[in-house]
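Student: have a look at this fold, sequence not included:
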């Protein structure tokens, strides 16, 4: 304890001595600092006063010069034609924002300049202009509606022929800035609005850190209110309190400080010597692979000796625990690296949320499936709640708490993909809490295959079984007497043809999708192809009371390179569908449009159309729109064949949005255009 007590007493005595000396110096030199700052502030205001007086002298000289101009004095006395020098700009009129002319007997002849030029605060003067004119000959700052006005004037002298001119300059911020030579200063003038204007020069905090405001009344003000000048300047514009008397006490403070420092150094050196022995013992223990035997020799009854003994005991304990921790860390690190590698390589998305709602795992598959960046969720509380939404997030917790093998997975559509979510509770390594483990799988392909299976079964069961039933009935009835065998054969032949067309469509689509179909490109006239399709299908449209029309919009290429048979089939499929779904009395349009470097073949009808949410699936094989699926039969193969034919030609087939009916477009690229 002797080291601590000695150091404490030395420090307390030194601090008390230095504090007493500093307080005495502060009191002795503080008054000198205030006086020096006050003198400097008065000098700043004196410079402002001098600049304003100089500008007044200039205005008086300019007013005297105006009185020397031809016709000015005569105009002031007789009020005949006004001289041009008074009508021209401010430079010609002496550079003033305001000008006032008086004739004999202080009679106001003419004034011009500032809007609403009425002197404020002169209630005991009946004529504000005459008040200004009398004061302007001496110079001063007047209280105008527009602000402070610096005025100066001149007169021809007393007598009945006396003429006088007063010039005024509005002291806005630009004019005040021009009067301050130092750009670091900013001058502002204001009229005091209270009953106690500032008395003498005041030093106040500035408008920003590092700046001060010097405030004082100006004796140039000519109004019933006091004119106050405010100089905003850097803080170093005035002397910084330095304490001139400090040098007289420097010796005393230095002596006290040196004495305290010497005593402190002596104590520290004594402690450092013993501590150095302990340090050497620690180094020796380190060289001996952590053996604390050397420290045992330094153990003693004083503070350093007891510290050496405690260090030896601590070193033994730390050494044992370190060896054990290293072994455990190696095993845990190997397990962690293996787990991280497995999770990162999984195709299923993995999300883990701790019991405090902090997300700790988001593997690359999960990042891709739910379209988030791992950095946006990992390490953030409530991240999975925000990403998954309230409803799905709650279902995951409920599913994890009540596991049921027969429970169906939650399937949610995100980013156009069908995602299946499953959840588990995992005990945490520390504490009694449980983490939430969420597995995300992309089941879009599985659901699409299942839907395709259902569509195939539906088509086969309906589009093949129905014709087969008709054929079987027709053949069975032919053996019965008194039957119209020709009609039965026609019915059987039509249904056989229907089955043949379905099989052909399925085979053709399979060949188109597998790339086995090669186009036979030849030059064709697209207008002729469309008209041939319309001529062929017009009787079918007529039977359904539908008007089929074709048109050309814009300049269409006369020749395109295409497989005429395949292109004709694609257009036929679109027009056949349009006729099938159009109500009686409506019109089906086939329009060729100029699309620049593409040729557009548009087919539009007035039928029920396709629901907006099914536009992306309408070109899928066997898929039929839900709003017409039960009313109108079909195979769902026509539109996929159209798209495949368009893509083989390097183009596209799309369903365009429209307010009524369906609007299909085939877009084909065109090379060198041979226009019709």
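Tutor: Ah, there it is. None of these values were measured; they are calculated from a predicted model.

Student: okay, now the domains of the protein?
Tutor: 53-189, 246-321, 346-442, 448-511, 518-669 (automatic domain parsing).

Student: in stretch 58-68, what's buried?
Tutor: By neighbour count on 16 or more other Cβ atoms under 10 Å, the buried set for stretch 58-68 is 58-60, 62-64, 66-67. Yep, even glycine has a C-beta here, placed from its N, CA and C like the rest.

Student: can you put those residues in a markdown table and add secondary structure, pLDDT and distance to residue 198?
Tutor: What follows is the buried residues of stretch 58-68, written out as a markdown table (DSSP: H, G, I helix; E, B strand; the rest coil; pLDDT from 0 to 100; distance: Cβ to Cβ, whole Å):
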| residue | secondary structure | pLDDT | distance to residue 198 |
| --- | --- | --- | --- |
| 58 | helix | 90 | 28 |
| 59 | helix | 89 | 27 |
| 60 | helix | 89 | 29 |
| 62 | helix | 90 | 32 |
| 63 | helix | 88 | 32 |
| 64 | helix | 89 | 35 |
| 66 | helix | 89 | 37 |
| 67 | helix | 86 | 38 |
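
Student: same question for stretch 584-594, mean pLDDT?
Tutor: Stretch 584-594 carries an average pLDDT of 92.

Student: give me the buried positions along it.
Tutor: The neighbour-count check on stretch 584-594 (16+ other Cβ under 10 Å) flags 586, 588-594 as buried.

Student: same question for stretch 85-96.
Tutor: In stretch 85-96, counting by 16+ other Cβ under 10 Å, buried: 85-86, 93-94, 96.

Student: among the domains of the chain, which comes closest to residue 14?
Tutor: Residue 14 lies closest to domain 246-321 among the domains of the chain, at 3.0 Å (Cβ to Cβ).

Student: ok, which of the domains of the chain comes nearest residue 218?
Tutor: Of all these, domain 53-189 sits nearest to residue 218, with 7.0 Å by Cβ to Cβ.

Student: quick one: terminal-to-terminal distance for that closest one?
Tutor: Distance between the two ends of domain 53-189: 15 Å, counting by Cα to Cα, to the nearest Å.

Student: not counting sequence-adjacent ones, nearest residue to residue 350?
Tutor: Spatial nearest neighbour of residue 350, chain neighbours left out: residue 363 (4.6 Å); criterion: Cβ to Cβ, 6 or more residues apart in numbering.

Student: ramachandran coordinates for the one you found?
Tutor: Taking degrees, to the nearest 10, you get phi -80, psi 170 for the backbone angles of residue 363.

Student: ok so, going back, among the buried residues of stretch 85-96, which are in strands?
Tutor: Per DSSP state E, strands hold no members of the buried residues of stretch 85-96.

Student: looking at those residues, which one is closest to residue 564?
Tutor: When the buried residues of stretch 85-96 are ranked by distance to residue 564 (Cβ to Cβ), residue 93 comes first, at 90.9 Å.

Student: ok, that closest one touching residue 66?
Tutor: Yes: between residue 93 and residue 66 a contact is recorded at 7.0 Å, counting by Cβ atoms under 8 Å.

Student: overlap in contacts of these two?
Tutor: Applying Cβ atoms under 8 Å, 6 or more residues apart in numbering, one finds that residue 93 and residue 66 are jointly contacted by 85-86, 167.

Student: JSON lines please, covering the residues you listed and showing pLDDT and distance to residue 561.
Tutor: Below are these laid out as JSON lines (pLDDT from 0 to 100; distance: Cβ to Cβ, whole Å):
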{"residue": "85", "pLDDT": "86", "distance to residue 561": "87"}
{"residue": "86", "pLDDT": "86", "distance to residue 561": "87"}
{"residue": "167", "pLDDT": "90", "distance to residue 561": "89"}
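
Student: so what does the residue lying closest to residue 554 once chain neighbours are set aside look like in phi/psi?
Tutor: Counting by Cβ to Cβ, 6+ apart, residue 594 is the residue found nearest to residue 554 once chain neighbours are left out, at 3.0 Å. Note on residue 594: its backbone torsions stand at phi -80, psi 120 [degrees, to the nearest 10].
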